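Peer 1: Provide a 3D model corresponding to the input given below.
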Amino acid sequence: MAVLITSGLVCWQVGAVGTWFPLANLPPGAPGHMVLLSDGTVMVQNNGNTGWYRLTPNASGSYISGTWTTLKSMNYSREYYSSDVLRDGRLFVAGGEYGTGGANAEVYDPLANSWSVTSSAGVGFADSESVLLPNGNVLVSPVSWVPFPAFVTMIYNPNLNTWTNIGESRAYQDECSWVKLPDDSILTVDDNNTTTERYIPSLGQWIVDRSTPVNLWDPNNGEIGASLLLPDGRAFYLGASGHTAFYTPSGNTNFGSWAVGPNLPNGYVMADAPSAMMRNGKILFVCSTESSHSPFYFYEYDPVGNAFTQVSSPTGGLSDGRVISDATSMVDLPDGTVLFNDTGTQLYAYVPDGSTVASGKPSVSSVAWNTDGSLHLTGTLFNGISQGAMYGDDAQQDSNYPIVRFIAGGNVYYGRTYNWSRTSVQTGSAIVTTDVSVPSVVFSNPGNYSLIVVANGIPSDQVTFYGPVWVDFNYSGFQFGTFSFPYSTLAQGVSAVASGGTVAINAGAQPSDSHETMTISKPMTIISVYGPSTIGH
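Peer 2: Predicted coordinates:
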C-alpha cells in the first residue's frame, strides 16, 4: 500500500487505481442523494428530508475545495426515488419509498431556486426507476402502492406538465436497474428473474429480449446491482448474486446477446449499491459480503483487462463500516473526478488514474451567438458514452448531457446548458447541439477564454472564445469596453475587438443609435443584446 500525504490529509492508493481526497468543507446538513446540474454545480439532498444544498467548485474549478449553500426545500420528503435533469436544466424528482412524497412528483428550477409540484399522475411511486427519453420526456416505472397496478409505466412531459399512462411492462420493475443503450432503448432485467425486456421509444412500448445466462438477483432479498454501459457498447450488470453479465445490443427491435461475466471477487455481492463509469473507461463500485450491506468494499473493474482491482476505503483501510443506502451515492463531476458520499458528513472525491477514453471525447465544431446573448454550440459526443453514475431503482445520477466551462488566467467559470439536441449515449459522429448561458463575468468583460465541453468528466479540446467588447450609444462616462463601462461608439468597439472576436451592442435603452461611417476589415461578430439594432441603410 502506498500512502500519499497532501496538505496534511492522508489518501490511500493501492496498485494502478485512483486516489481519494476528502472535501475540504462539510455540507450544512447530513448529505444524501446527489445530482449534477447542467451548470456544473451539485445538488445534495439533506438525507431523506426536504432540504437541499448546492456544492459549487472554487475559482480554479476544484470541487474538493468547493463551497456549500442552502437551497429552497422540496414540498415533500423523499427517500429512494426517481430523479432526472431535464433538457431545460431543471431537476425532476418523483415518488419515494419513504417520506411524504410517494404519490407525487416535483420539478426544481435552479434559476428561480423554487420547487413546483407536477400535475397528478394518478398513481403512486415507490421504488421507481426513471430515465430521459429522446424527446426530453421522462419514462417512469412507478411500482405503485396498492390499489394501483404494479406494472404500469408512466411518461412525464415537462413542457406540458402532463402524465401519460402507456400501459404495463411485461414484468415487475421493482428493484430493477435500467441501462440506456446506444439505440436509445432501455434495457432491464426483470424483477427476481432471468427474463429481460427493453423499452423502445420509437414504438412507445416494452419488448421481450433474451434471458440472462446467469441469475443476477439476490433470491433472499430481491435486489440487483448496478448496470452500466461500457465504452465498447456492451451493457455490464453487476449482480446481487455475485455473478456478472454482458449484454451486446444489435439495434432497436432486434434481440441482443448475453454473455457470462467474471464473478465478483471474494464472494462479494453488489446489491443496491453505487457505481460510476469513470473518465478512463473503468467502473468504480461498492460491494459487500451480504445483503445487510455492511461493511462494504471498493473495487475498480477494467473492461479491457476484464479484471477487478481492490481500492482502499476513503475512510482508511480496505472497508467502510457504514451501511449502504441510497445516500451512499456517486456522481461523475466535470473535472473528471467521482464525488462519493458514504452517509457520513464527510464527502470524498475519487481521482481516477490514467488517461481519458478517446472514444468519449467531445468535439466542438462551431460556437455561435443566440439573439438573447446565449451561445449555440455544435459538435459531437456532447452526451458522453454512458449515463455516468448508477445506483439503481432507489436513485439515479445520470449526467449524459453537456457541461460547458470557460477558463481564463487559471479561473474556471461554468455556463448553464439547456436545449440539448440529444439525450442519447455513444452518438459517435452524429452532429449534436446545445445552448449555453455565458457566465456573467465572461459576458461582461472582453478577454480571451478557453471554452471546453465536458461529458461525464471527459473534456473536449479547448476552443478560443472571446468575451464581448461592449458598446452602448446612450452611455457617457469612463469607457473600457466592459458591460459596466462600455464604449459609446461602434468605431471604438471595432478598433478594440480582437480578430475573430465579438462586439456586443447594448440596445436595452431605446432609442439607441449612432451615425458613423467606417470600414471593417478584420473578421468579427457584431451582436445586439436586449433589443434590436440596425447597421447600415
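
Peer 1: give me the neighbour count for residue 167.
Peer 2: Using other CB atoms under 10 Å, residue 167 is surrounded by 12 other residues. C-beta coordinates here come from the backbone N, C-alpha and C atoms, glycine included.

Peer 1: now do the contacts for residue 54.
Peer 2: 41, 42, 43, 44, 68, 69, 70, 71 (CB atoms under 8 Å, 6 or more residues apart in numbering).

Peer 1: swap that for residue 45, please
Peer 2: Contact analysis of residue 45 by CB under 8 Å, 6+ apart lists 31, 32, 33, 34, 51, 52, 53, 78.

Peer 1: show me which of these are buried.
Peer 2: 31, 32, 33, 34, 51, 52, 53, 78 (16 or more other CB atoms under 10 Å).

Peer 1: buried among the contacts of residue 54? Make that a ChimeraX selection.
Peer 2: Selecting only the buried entries of the contacts of residue 54 in ChimeraX, with 16+ other CB under 10 Å as the criterion:
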select :41,42,43,44,68,71
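
Peer 1: now, the contacts of residue 54 that are in strands?
Peer 2: Among the contacts of residue 54, DSSP state E puts 42, 43, 44, 68, 69, 70 in strands.

Peer 1: wait, residue 230 touches residue 236, no?
Peer 2: Yes. Using CB atoms under 8 Å, residue 230 is in contact with residue 236, at 5.3 Å.

Peer 1: where do the contact lists of the two overlap?
Peer 2: 246, 303.

Peer 1: tell me how the protein divides into domains.
Peer 2: Under the assignment automatic domain parsing, the domains of the chain span 359-464, 468-537.

Peer 1: switch those over to TSV; also include mean neighbour count, distance to residue 139 and mean pLDDT.
Peer 2: Listed next are the domains of the chain as TSV, based on neighbours: other CB atoms under 10 Å; distance: least, CB to CB, whole Å; pLDDT from 0 to 100:
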stretch	mean neighbour count	distance to residue 139	mean pLDDT
domain 359-464	21	11	95
domain 468-537	16	38	90
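
Peer 1: export those domains as a markdown table, with columns for distance to residue 197.
Peer 2: Output for the domains of the chain, formatted as a markdown table (distance: least, CB to CB, whole Å):
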| stretch | distance to residue 197 |
| --- | --- |
| domain 359-464 | 15 |
| domain 468-537 | 50 |
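
Peer 1: relative to residue 210, which of those is closest?
Peer 2: Closest approach to residue 210 among the domains of the chain (CB to CB): domain 359-464, 21.0 Å.

Peer 1: and the end-to-end length of the closest one?
Peer 2: Its first and final residues considered, domain 359-464 spans 23 Å by CA to CA, to the nearest Å.

Peer 1: what does stretch 345-355 give?
Peer 2: 31 Å.

Peer 1: quick check: buried residues in that stretch?
Peer 2: Buried residues in stretch 345-355 (16+ other CB under 10 Å): 347, 348, 349, 350, 351, 352.

Peer 1: what's the spacing between the second one and residue 69?
Peer 2: Spelled out, it's residue 348. 20 Å (CB to CB, to the nearest Å).

Peer 1: strands of the stretch 351-500 of the chain, start to end?
Peer 2: Secondary structure of the stretch 351-500 of the chain, counting by DSSP state E, counting those that start in this stretch: strands at 363-369, 375-380, 388-392, 395-398, 403-408, 411-414, 417-418, 432-436, 447-455, 458-459, 463-467, 469-471.

Peer 1: closest one of the contacts of residue 45 to residue 532?
Peer 2: residue 52 (39.7 Å).

Peer 1: excluding its backbone neighbours, what's nearest the closest one?
Peer 2: residue 71 (4.3 Å; CB to CB, 6 or more residues apart in numbering).

Peer 1: now residue 309
Peer 2: Spatial nearest neighbour of residue 309, excluding adjacent residues (CB to CB, 6+ apart): residue 300 at 4.9 Å.
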